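In: The following block contains a protein sequence and its predicted model.
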Amino acid sequence: MTNDTMQGRFITFEGGEGVGKSTNIEFAAHWLHERGFEVIVTREPGGTEIAERIRNDLLKAHHGETMQPLTELLLVFAARAQHLLQVIKPALERGAWVLCDRFTDSTIAYQGYGRGLDQTTIHALKELVQQGLEPDLTILLDAPLDVGMGRAQRRGQSAGEETDRFEVEQRAFFERVQQGFQALAASEARFRIVDASQPLADVQTHVVMLLEEWV
Ligand SMILES: Nc1ncnc2c1ncn2[C@@H]1O[C@H](COP(=O)(O)OP(=O)(O)OP(=O)(O)O)[C@@H](O)[C@H]1O
Ligand SMILES: Cc1cn([C@H]2C[C@H](O)[C@@H](COP(=O)(O)O)O2)c(=O)[nH]c1=O
């Protein structure tokens with residue numbers, strides 16, 4: 001099944017840690033609800049009971065055993081298969097807007113550029129799981145690393161969140177991830193880059209401009 005047979009809109013929000021994906025998805029959902037659209041807000045890894053359990057394994061620190069990059073990659077796609085079949089495709093088929101916090105571009109950036117896994121393998125898994133389904137629009141929230149990481153740290157401290165298995169990575173890892181997102185944005189027509197280092201009101205004005213092209 002491809003996007004051509006789907007009635008809804010599939011919008012993904014991408015970017016590094018703390019750039020404002022969740023904040024802007026909630027804002028976009030509210031904006032669309034007010035205009036009468038059915039909106040599903042979801043996230044990856046996650047979005048179903050099984051996929052959320054996989055997320056927990058992916059994000060929590062494991063003591064005494066290191067998760068292999070290939071294991072990480074397969075778990076991300078296992079969660080995605082469940083999420084696509086159970087939540088995303090049915091919602092698109094009935095005409096809803098699906099706003100998803102991260103999708104396969106995060107896999108290409110984190111497991112491909114970040115961990116150094118082979119892009120051909122990633123694309124083969126993508127084809128197997130997505131069967132040609134792509135987001136209609138991908139909003140890349142882009143900010144210097146220190147801006148996003150500073151925001152994520154402050155949010156984590158005030159909410160008492162535990163640091164996850166990705167957040168403890170070295171700066172060089174996040175630099176590679178950011179290069180990955182920038183390379184994707186330069187090569188895929190569905191990407192739009194939003195400067196996420198701006199004040200939130202300006203970021204949201206830009207997000208609305210992008211949504212207006214699809215309503
Ligand atoms: N443009 C902005 N200016 C200032 N603060 C912002 C801006 N956008 C988001 N924030 C704040 O930064 C923090 C991180 O935002 P948010 O949780 O939306 O990011 P995220 O990209 O979803 O993070 P993560 O990758 O960790 O899930 C929050 O406290 C949020 O209120
Ligand atoms: C979808 C996806 C996610 N990740 C990583 C990226 C983040 O560090 C975490 C998710 O947590 P957040 O609250 O959304 O920041 O998972 C990944 O490595 N690969 C993926 O495909």
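Out: Here it is on my side, so go on. Ligands and ions are numbered 1, 2, ... in the order given.
In: Can I get the helix or strand of the chain with the lowest mean pLDDT as CSV, trimmed to CA atoms?
Out: Averaged element by element with mean pLDDT, DSSP states H and E, the chain has its least confident helix or strand at helix 145-159 (a mean of 93). The C-alpha trace of helix 145-159 is given here as CSV (Å, rounded to 0.1, in the frame of the first residue of the first chain):
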residue,chain,number,x,y,z
LEU,A,145,23.9,20.7,19.4
ASP,A,146,24.5,22.8,22.6
VAL,A,147,21.1,24.4,22.3
GLY,A,148,19.2,21.1,22.0
MET,A,149,21.2,19.3,24.6
GLY,A,150,21.0,22.2,27.0
ARG,A,151,17.2,22.2,26.7
ALA,A,152,17.0,18.4,27.1
GLN,A,153,19.2,18.6,30.2
ARG,A,154,17.1,21.4,31.8
ARG,A,155,13.9,19.5,31.0
GLY,A,156,15.3,16.3,32.4
GLN,A,157,16.5,18.0,35.7
SER,A,158,13.2,19.7,36.3
ALA,A,159,11.1,16.6,35.5
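In: for the chain, what are the low-confidence residue spans?
Out: 1-5 (pLDDT under 70).
In: So which residues on it come close to ligand 2?
Out: 17, 44, 45, 76, 101, 102, 106, 107, 110, 111, 166 (CB under 6 Å from any ligand atom). All C-beta spots, glycine's among them, are computed from the backbone N, C-alpha and C.
In: among those, which are within reach of ligand 1?
Out: Okay, of these touching ligand 1 (CB under 6 Å from any ligand atom), that's residue 17.
In: Could you identify the most distant pair in the residues of the chain next to ligand 2?
Out: The span of the residues of the chain next to ligand 2, defined through CB to CB, is set by 101 and 111 at 17.2 Å.
In: So which of the two has more stuff around it?
Out: residue 111 (26 against 20; other CB atoms under 10 Å).
In: any residue of the least confident helix or strand of the chain up close to ligand 1?
Out: Yes. Looking at helix 145-159 against ligand 1 by CB under 6 Å from any ligand atom, the contacts come from 151, 152, 155.
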